[in-house]
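1. Predicted model, plus sequence, below.
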Amino acid sequence: MNKLKKIAAMMALCILSVAAHAQEKQEDFMRSNGKIYVVVAVVVTIVIGLFIYLLNLDRKMSRMEKGEK
């Protein structure tokens, strides 16, 4: 059991080091082209849209529960 934990920890550390190295290159690429701001704007727009949709849906459900139209 102890050997299995060591192997799992070693694999996790290897994966994390590769992921950290890959993220560093992608971040520089996105920032150098200025595209990171476009990505952030799109994500924020989608989240705001979902939030507004859920608020409207909640209001409609509340009206239906009360029996109003």
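-> Nice, thanks for sending it over. Bear in mind that the values here come from a model prediction, so they are computed numbers and not experimental data. Numbering: from 1, shown residues only.
2. quick check: domain ranges of the chain?
-> Under automatic domain parsing, the residue ranges defining each domain of the chain are 1-33, 35-69.
3. Which one of these has the poorest average confidence?
-> For these, mean pLDDT drops lowest on domain 1-33, to a mean of 64.
4. what ranges do the helices span in the chain?
-> For the chain, the helices defined by DSSP state H cover 2-33, 36-66.
5. okay, now I36: neighbour count?
-> When neighbours are counted by other C-beta atoms under 10 Å, I36 registers 14. All C-beta atoms are positioned from the backbone trio N, CA, C, and that covers glycine.
6. Return the distance of it relative to V47.
-> 16 Å (C-beta to C-beta, to the nearest Å).
7. what does D58 give?
-> 17 Å.
8. Repeat that for L57.
-> Applying C-beta to C-beta, the value for L57 to V47 is 16 Å.
9. Equivalent analysis for G34, please.
-> G34 is 21 Å from V47, by C-beta to C-beta.
10. do the same with R63
-> From R63 to V47 the distance is 25 Å (C-beta to C-beta).
11. Please report phi then psi for G34.
-> Dihedral pair for G34: phi 80, psi 10, per degrees, to the nearest 10.
12. tell me, how many neighbours does it end up with?
-> A total of 8 residues lie near G34 under the criterion other C-beta under 10 Å.
13. Please apply the same query to M10.
-> M10: 10 surrounding residues under other C-beta under 10 Å.
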